[in-house]
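In: Kindly generate the corresponding structure for this input.
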Amino acid sequence: MKTTHRTHVRHRGALALASGLLAVGLVGCFDEPGIEDTWTKIDIDSSNIRPSQTLQGGATVPIVVNAKVTYRAIRTGFAVAELRASSSVSEASVAVHPDAPRAVMAQDIDRVLANSVTMGRSTRAVTGWDHLIQHIDFSFDGHVPLASDSSASTGGLFLLCYLGSGDKVERQDGTDTLIVTPFNSTQYEILPIGMELLIGP
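Out: Now for the predicted structure:
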């Protein structure tokens, strides 16, 4: 009887240990860092433009954006704050808002960037590495399209902050211009940010 009792005790101890290890394993799974902690992330600390703000069509609007980039890998290129107008992507068809789920918004911003034109921007050359936090101040004039323009009649207007690669190209008049190619969010593990805007009469 004593041997049987000790055997039962050992069995109960083994079961308790296994349960404990399983619980630790499950907690470890649940506590794994999310995409916002493992991908390079851009946040807007402040801006003189607010989400869903109505801008007068045809107006030139001074735009100020204070952004923060939290790097999770070595990245070299350009940080961009840009006003973009799309003729095919409306604000109702995408989730581009500072409070939107970041992974979803990143894919939607990729879509906006691929289907829109610039209406003004500010750029900054950047180099970052894991855990570096960089604050960047942008300021530029945004040119709001008229509500009747094709660029706004069936699409939307967006203020975006993203990272990309850049190439300086010389114009025919001898001046230089910077062509920025946005980094694809999934390929480069970057979470851009932005906001949807409205165009008024």
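
In: Paired strands for the one helix or strand R84 maps to, with orientation please.
Out: Using DSSP states H and E, R84 sits in strand 75-86. Paired strands of strand 75-86, with direction, are strand 117-128 (antiparallel), strand 156-170 (antiparallel) (DSSP bridges).

In: Please give the centre-to-centre distance between the shortest one and its chain.
Out: This points to strand 117-128. Computed by Cα atoms, centre = their mean, to the nearest Å, the chain-centroid distance of strand 117-128 equals 14 Å.

In: Show me the helices in this structure, by range?
Out: 2-30, 35-38, 102-114, 150-153, 185-188 (DSSP state H).

In: In contact with H131, which residues?
Out: The contact partners of H131, by Cβ atoms under 8 Å, 6 or more residues apart in numbering, come to 71-72. The way it works is simple: take the backbone N, C-alpha and C, and place the C-beta from them, glycine included.

In: if you set the cut-off to 6 Å instead, what comes out?
Out: The contact partners of H131, taken as Cβ atoms under 6 Å, 6 or more residues apart in numbering, number zero.

In: Give me the pLDDT for it.
Out: As predicted, H131 sits at a pLDDT of 94.

In: and if you look at T175?
Out: 80.

In: V169 versus that one, what's the distance?
Out: 10 Å (Cβ to Cβ, to the nearest Å).

In: Same question for P145.
Out: From P145 to V169 the distance is 25 Å (Cβ to Cβ).

In: More neighbours: which of these two?
Out: Neighbour totals were compared for P145 and V169, and P145 leads with 22 against 10 (other Cβ atoms under 10 Å).

In: separation between the more buried one and A106?
Out: The value you get for P145 to A106, if Cβ to Cβ is used, is 25 Å.

In: Likewise for S46?
Out: From S46 to A106 the distance is 21 Å (Cβ to Cβ).

In: more neighbours, the two?
Out: A106 (26 against 10).

In: ok, now which ones touch the more buried one?
Out: 185, 191-192.

In: ok, 10 Å please
Out: A106 makes contacts with 35, 39, 41-42, 96, 100, 162, 184-186, 189-194, as judged by Cβ atoms under 10 Å, 6 or more residues apart in numbering.

In: returning to what we had before: between the strands paired with strand 75-86, which one is nearest to V180?
Out: Among the strands paired with strand 75-86, the nearest to V180 by Cβ to Cβ is strand 156-170 (4.5 Å).

In: Next, the angle helix 102-114 makes with the closest one.
Out: 60 degrees (axes from the mean of the first three to the mean of the last three Cα atoms, to 10 degrees).

In: pLDDT (mean, whole number) over strand 156-170?
Out: The average pLDDT within strand 156-170 is 94.
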